[in-house]
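>>> sequence below, structure please.
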Amino acid sequence: MPEQDALRANVKRLIVECLNLEGMTPERIGDDDRLFGEGLGLDSVDALELVVALEKEYGIAVASHEVGREVFTSVATLAAFVEKRLEEKSTPSAD
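Modelled structure (predicted):
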């Protein structure tokens, strides 16, 4: 899926740029690499910075309870979350 590939590539770029990961390039981050712990070694402050970057980049809202392991496991899970939010944003609500 080309759209999903582009979204994942952009999420990787955001991770490297907004977190100032020196010596890291987006191409070196695998879609399924763990973002925290043994993976990229991100911490809770990085997660908050990443949330701000995602909200700004995509115009989506990320609630504090959504900033957890399920969504922030890897680039793939994060990109899937962003994709879902973008779909929800573009779909008119049935109020």
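>>> so which residues of this protein form helices?
Using DSSP state H, the helices of the chain run over 2-18, 44-58, 75-90.
>>> dump these into CSV; add mean pLDDT, mean neighbour count and distance to residue 37 as well.
For glycine as for every other residue, the C-beta is placed from the backbone atoms N, C-alpha and C. Putting those into CSV (pLDDT from 0 to 100; neighbours: other Cβ atoms under 10 Å; distance: least, Cβ to Cβ, whole Å) gives the following:
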stretch, mean pLDDT, mean neighbour count, distance to residue 37
helix 2-18, 92, 16, 15
helix 44-58, 94, 15, 12
helix 75-90, 92, 16, 14
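>>> now distance to residue 27 too, for those, in TSV please.
Listed next are the helices of the chain as TSV, based on distance: least, Cβ to Cβ, whole Å:
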stretch	distance to residue 27
helix 2-18	8
helix 44-58	19
helix 75-90	12
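>>> list the contacts for the residue positioned nearest the centre of the chain?
In the chain, the C-alpha nearest the mean C-alpha coordinate belongs to residue 78, at 4.1 Å (Cα atoms, centre = their mean). Listed by Cβ atoms under 8 Å, 6 or more residues apart in numbering, the contact set of residue 78 reads 11, 35, 54, 71-72.
>>> nearest to residue 89, of these?
Using Cβ to Cβ, residue 54 comes nearest to residue 89 of the contacts of residue 78, at 12.7 Å.
>>> span of stretch 10-24 from start to end?
14 Å (Cα to Cα, to the nearest Å).
>>> how about the contacts of residue 78, which pair is most distant?
Taking Cβ to Cβ, no two of these sit farther apart than 35 and 54, at 12.6 Å.
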